[in-house]
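> Starting from these lines, generate the structure:
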Amino acid sequence: MSEKPSSSSVSSEEDDNVLKPEVLEKYKAAARISQDALTRVVQACIVGKSVVELADIGDRTIEEMTSAIYNVEKDEEPIEKGVAFPTCISINECVGNYSPEAEDTRKIAEGDVVKIDLGCHIDGYTACASHTVIVSSSPVTDARADATEAAWVAADAVAKSLVPGTKTIAISAIIKKIAAAYGVFPVDGVLSHCMKRFVIDGNKTIPNLLSASNIPMDPNAEVELDDVFCIDVVMSTKEPKTNKRGQIIPEVEGEPIPPPAAPKELGDKFRPTVYKRNVEEQFMLRLKTSRQLMSEIQKKHATFPFSIRSLRTKLPRIGIKEMIEHNMLSTYPPMFLKPGTFVAQVKLTCIVTEKGVQVLCGGAASASILSAAHHSEKAITDPEILSILQKPLTVGSAPSAKKNKKKNKKKKSAEKSQEEDKKKKEDNSKAESK
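Next comes the predicted model:
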C-alpha cells in the first residue's frame, strides 16, 4: 500500500466522494463483507470462546472475502482493500477499542455483554458495523437489556433522522431522549462520523451526547444528499462520573485512569492496541525496529486503523513508542467505566439518498442476528420519537436490480449459446452416422 491513496477509477478528491454507480457498488461490497464478518463473530460468541479467537474470525473473514473481489491484471494498478477497522471485542464495562493482543487469555463468560466492532473497505470506501451480544443461557430483561435495546432503537432513530438540511448537532437530542426512556445513559466522547474515501472519521459529526467536551468541529453542519454516515450509538447502565468540563472520568475499581493510557501498575490489558498512521507526519526514525515497523505499516496499514495483533515486526511496541513520540501514530485507547457497569453499542453504515436513508450494514441490517430472548420491559412513549421510528428505511447492500438484470440476461444468453452448440453437435453426429 502506498502512503497516498490511489485509484484508477477516480482522479480527484472531489470525484472520490461523488456517489457514482461504481463508488456506490464499492460501498455495498464493503458492507456485505462487514455484515458477513459481524454475523460470523456473533454466532461464535459463546461461553468459553477466547476474545482472540473472536477477533481473528472477524479480521480473517474480511481479509479472505476482500481478496476474492476487485482483483486486477498484473499490469494494472491494484485496488486497496481489506480491514478498515480491526475487530474489537469489548466486554461489559469496556466502552470500546479493545482489540486483544495475541497473548490475551480472556474468555467469554456467562452473563457478559459483548460489543463486536469492525470495518471493511474496498478502494477506500468504508463500511463499519457493531453489534452487542448478551451471552446468557436464560432470557435477560434487566439493565443489560435496557442498554442494548436503547442503543438499537437510538441507532435506528438517528438513521431515520438523516434528512437533508437537518443540523447534525440537533440529532443528539434524540439519542438522549431514547436513553432516558430506557433508564440508561449515552456515553460521552462517542461520535458518529460522515465518511469519505479513505477517511472514517470525517469532520461532520453527530455527538452521542452533546457536552462541553463533545461539541462538533462544525456545529452548523447539516445532513446532505449522498452523505455516508457511520452511526455509532453507545449506552451505559450507569451514569459515568464527569469532571467540571463535562468529560467522562474512566474508572477501574473506583480509581480514575488518566487518558490516553493507563498506568503500568493497572496491568497490560489497559494498554492501547489499535493505532492509525498519521500520514502527514514524517520523521527519520532512529531505531532499526521502528524503521522495520514503519515499513510494515506503510505496506499494510497506510491509511486505516490497525491492531497490534496484525503486525509481524518483532517487539512492535518499541517501534510504536518512538513513532508516537514523533506524532506518527494516533492511538485508539480502550476506555473502561466502573466495574458493574454494562455498556452496549450499535454501529451502522448508511447513505442519504433521494429516496431516503439506506442502511448498508449494522443496525437494521443486523435484524437476523438480534436475540429475541433478551428484551427490555421498557418502551418509548414520546410521540416525537415514535413518529421518527415509524419512518421507512431501505435495508441491505444487495447489488442493484439493474445490475442483476444484466447478469441474468448474460446468464440466459450463455445458456442459449450452450443449447445451440449442443444441438449442432447432435446434428453433426447424426450426419456422420448416416
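> Quickly find the element holding Thr39.
Thr39 is located in helix 21-44, with elements delineated by DSSP states H and E.
> quick one: that helix to chain centroid distance?
Centre-to-centre, helix 21-44 and its host chain are 10 Å apart (Cα atoms, centre = their mean, to the nearest Å).
> pLDDT of that helix, averaged?
Mean pLDDT, computed over helix 21-44, is 96.
> helices or strands up against the helix or strand following that helix?
Next helix or strand after helix 21-44 toward the C-terminus (DSSP H and E): helix 51-67. Counting contacts by 3 or more Cβ pairs under 8 Å, 6 or more residues apart in numbering; DSSP states H and E, helix 51-67 packs against helix 21-44, strand 81-91, strand 113-122. Every residue, glycine included, has its C-beta placed from N, CA and C.
> hmm, who's touching helix 51-67?
Residues outside helix 51-67 that contact it (Cβ atoms under 8 Å, 6 or more residues apart in numbering): 33-34, 36-38, 40-41, 44-45, 81-83, 86-89, 91, 98-102, 104, 106-108, 116, 118, 120, 122, 307, 309-310.
> can you pull the buried residues of it?
51-59, 61-63, 65-66 (16 or more other Cβ atoms under 10 Å).
> which of the contacts of helix 51-67 are buried?
When the contacts of helix 51-67 are checked for burial by 16+ other Cβ under 10 Å, the buried set is 33-34, 37-38, 40-41, 45, 81-83, 86-89, 91, 98-101, 104, 107-108, 116, 118, 120, 122, 307, 309-310.
> on that earlier part again, quick one, which of the helices and strands packed on helix 51-67 is nearest to Asp227?
Closest approach to Asp227 among these is made by helix 21-44 (12.0 Å; Cβ to Cβ).
> tell me which strands and helices the closest one is in contact with?
Counting contacts by 3+ Cβ pairs under 8 Å, 6+ apart, helix 21-44 is packed against helix 51-67, strand 81-91, strand 113-122, strand 125-134, strand 343-353, strand 356-362.
> at 7 Å what do you get?
helix 51-67, strand 113-122, strand 125-134, strand 356-362 (3 or more Cβ pairs under 7 Å, 6 or more residues apart in numbering; DSSP states H and E).
> For those, give me JSON lines that also has distance to Leu329 and mean pLDDT.
Formatted as JSON lines, the helices and strands packed on helix 21-44 follow (distance: least, Cβ to Cβ, whole Å; pLDDT from 0 to 100):
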{"stretch": "helix 51-67", "distance to Leu329": "19", "mean pLDDT": "97"}
{"stretch": "strand 113-122", "distance to Leu329": "18", "mean pLDDT": "98"}
{"stretch": "strand 125-134", "distance to Leu329": "19", "mean pLDDT": "97"}
{"stretch": "strand 356-362", "distance to Leu329": "27", "mean pLDDT": "95"}
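> circling back: which one among the buried residues of helix 51-67 gets closest to Pro139?
Nearest to Pro139 among the buried residues of helix 51-67 is Leu54, at 23.1 Å by Cβ to Cβ.
> distance of that closest one from Met328?
Distance, Leu54 to Met328, using Cβ to Cβ, to the nearest Å: 30 Å.
> Which one of the helices and strands packed on helix 51-67 lies nearest to Phe229?
Judged by Cβ to Cβ, the one of these that comes nearest to Phe229 is helix 21-44, at 11.6 Å.
> I'm done for today, thanks for sticking with me.
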